[in-house]
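*Asks:* Provide a 3D model corresponding to the input given below.
(one chain, ligands or ions: 2)
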Amino acid sequence: MSYTTDMMQDIERVLLTEEELQSRIREVGKTLTEEYRGKDPVVVGILKGAIPFYAAMTAQIATPIEEDFMVVSSYGSGTTTSGNVKIRKDLDTDVSGRHVLILEDILDSGVTLHTLTRMLKGRGALSVKICTLLDKPSGRRIEIAPDYSCFTIPGGFVVGFGLDYDEHYRNLPFIGILKPEVYAT
Ligand code: IMP
Ligand code: MG
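*Replies:* Numbering: from 1, shown residues only. Ligands and ions are numbered 1, 2, ... in the order given. Predicted coordinates:
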């Protein structure tokens, strides 16, 4: 597949604007600040999708945190989960006896976060909570709910603000619905 030079041509409509994203992130950031004050949590970003959300959200957490990252993959290049989670880069931090907050771009089938939560609890974390930018409950295959969610969205494949289709569109500053013909081809 080749990509046009105008990414906007592939977007059916904008679901969440840059301003809506930032203002909601600021709000949830206040809640996280209160929740984690004095707890020095390890805030885990799931690469690559969480990068813009991670940067925006951690800047709104006004209490000390430690930052760490993991690379996991459950998707191929398509739009549905393979149901099989691979750790491609593990944490540097020992989370035993620590509070862990996972920041993720989207909770869809739940397979990725269910697997990660169990794994980190198994390593002796004091608590493992999930904060997701987007929650897509219609995609759920495993019963799991985020502890904090910025936006609940309907079904359909979205891109932007870290979310990709075939490793593209992550750099859009908003969340948009991808035209189905882009991934149908
Ligand atoms: P889950 O394990 O099915 O919950 O999937 C989580 C991962 O699937 C996310 O981190 C995304 O990389 C990817 N994903 C799920 N839905 C979408 C979407 O609508 N757009 C882009 N990526 C998605
Ligand atoms: Mg992806």
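
*Asks:* Counting neighbours, which bits of the single longest helix found in the chain end up buried?
*Replies:* When the chain is parsed with DSSP state H, its longest helix is helix 18-36. Buried residues in helix 18-36, counted by 16 or more other CB atoms under 10 Å: L21, I25, V28, G29, L32, E35, Y36. In this view, the C-beta of every residue, glycine as well, is placed from N, C-alpha and C.

*Asks:* I'd like the next helix or strand past that helix.
*Replies:* Using DSSP states H and E, the helix or strand that directly follows helix 18-36 along the chain is strand 42-47.

*Asks:* In terms of secondary structure, what does the helix or strand just after that following strand contact?
*Replies:* Moving toward the C-terminus from strand 42-47, the next helix or strand (DSSP H and E) is helix 51-58. Contacts defined by 3 or more CB pairs under 8 Å, 6 or more residues apart in numbering; DSSP states H and E place helix 51-58 against helix 18-36, strand 42-47, strand 99-107.

*Asks:* from the middle of its chain, how far away would the shortest one be?
*Replies:* What separates the centre of strand 42-47 from the centre of its chain is 9 Å, taken as CA atoms, centre = their mean, to the nearest Å.

*Asks:* as a whole number, average confidence for that strand?
*Replies:* Throughout strand 42-47, pLDDT has a mean value of 98.
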